[in-house]
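Q: Could you look at this predicted model? Sequence included:
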Amino acid sequence: MITVGVDVGSLMTKVVVMEDDTLRAGRIIPTVGNIAAQLPEFIEQTIAAAKVAPGDVAYVAATGSGAGLVEQAAFTEDEVICAGVAVGFFAPRARFFLHAGGQSIAAIRMDDEGDVADFVRNDKCASGSGRFIEMMSRKLEVPVEEIDALCATSTQPLAISNQCGVFAESEVIGHANDGRATADILAGVCQSVANILAAQARRFRGGGAFTFTGGVARFATVVDRVAAKLEGERLPCGFDPVFAAAIGAALLTETD
């Protein structure tokens, strides 16, 4: 069965085409401008990239903060539930995972059946989220795709004491004005994000194997530091973590 999952997030919009449990194509664009008007063509382009005829698509499912904008969607579902479906399918031994997206962080506990048992979400502050990392990297004029490589050269990461994005930005600018190395400043930013994520995990984590999903999981500099603070076995999620919710949405259509 061919299904399409669409995750309209606050920072990025993701579309995947799944054939049963195989990812045929996945594409991502920034959630800017009139995203509702862009979605139909973007979905069509992703279907074409999967080399699938539009008539072969059984369902389109949507998730994310802008799920209601996907007019083609047969149904919508919460982002945490969708990410949980993807983790339960591809990393069934995981009993916990952190989903850190563009603007929110969720700590999710999984049951023995691979379903979401409970979760706690922090979406009141951007600290620890993808937007926070993007803001800081922009101030330092470092492309987000170069963050890991640059942080790997840091010899003395600088502490970022403020968790509020506004005050942290001032702190980062102050370090830059003082002539501190960009790698050390950015490594400090990533350490600060890791501390926030680890604190969220400790509030809810019950032990056992764990994994990471969401756009922030693409940054090894962050998630490696979080993993070092947690007990239990770290598992690969089995897919590009930025597509977790979109993949879960597509998988949900197969089981409905």
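A: Great, that's in hand. Numbering: from 1, shown residues only.

Q: So for the helix or strand hosting residue 6, mean pLDDT?
A: Secondary structure assignment for residue 6, by DSSP states H and E: strand 2-8. For strand 2-8, the mean pLDDT works out to 97.

Q: can you check stretch 171-182 too?
A: The predicted model assigns stretch 171-182 a mean pLDDT of 90.

Q: Could you number the chain from 750 rather than 1 from now on?
A: Got it, first residue is 750 now, which makes that one stretch 920-931.

Q: Going by neighbour count, list what's buried in that stretch.
A: 920-921, 924, 930-931 (16 or more other Cβ atoms under 10 Å). Placement of C-beta: from N, CA and C, glycine included.

Q: Redo those as a markdown table? Include secondary structure and distance to residue 764.
A: What follows is the buried residues of stretch 920-931, written out as a markdown table (DSSP: H, G, I helix; E, B strand; the rest coil; distance: Cβ to Cβ, whole Å):
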| residue | secondary structure | distance to residue 764 |
| --- | --- | --- |
| 920 | helix | 37 |
| 921 | helix | 33 |
| 924 | helix | 38 |
| 930 | coil | 39 |
| 931 | helix | 34 |
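
Q: what's the closest of the residues you listed to residue 997?
A: Nearest to residue 997 among the buried residues of stretch 920-931 is residue 921, at 34.0 Å by Cβ to Cβ.

Q: Taking the buried residues of stretch 920-931, tell me the two that lie furthest apart.
A: It's 920 and 930 that sit farthest apart of the buried residues of stretch 920-931, by Cβ to Cβ, at 15.2 Å.

Q: could you pull out the strands for the stretch 850-999 of the chain?
A: Using DSSP state E, counting those that start in this stretch, the strands of the stretch 850-999 of the chain run over 854-859, 865-871, 959-962.

Q: Could you count how many residues lie near the spatially closest residue to residue 990 that is not a sequence neighbour?
A: With Cβ to Cβ, 6 or more residues apart in numbering as the criterion, residue 990 has its nearest non-adjacent residue at 3.6 Å, and that residue is residue 966. Counted with other Cβ atoms under 10 Å, the neighbours of residue 966 add up to 24.

Q: can I assume residue 966 is in contact with residue 973?
A: No: using Cβ atoms under 8 Å, residue 966 makes no contact with residue 973, being 10.7 Å away.
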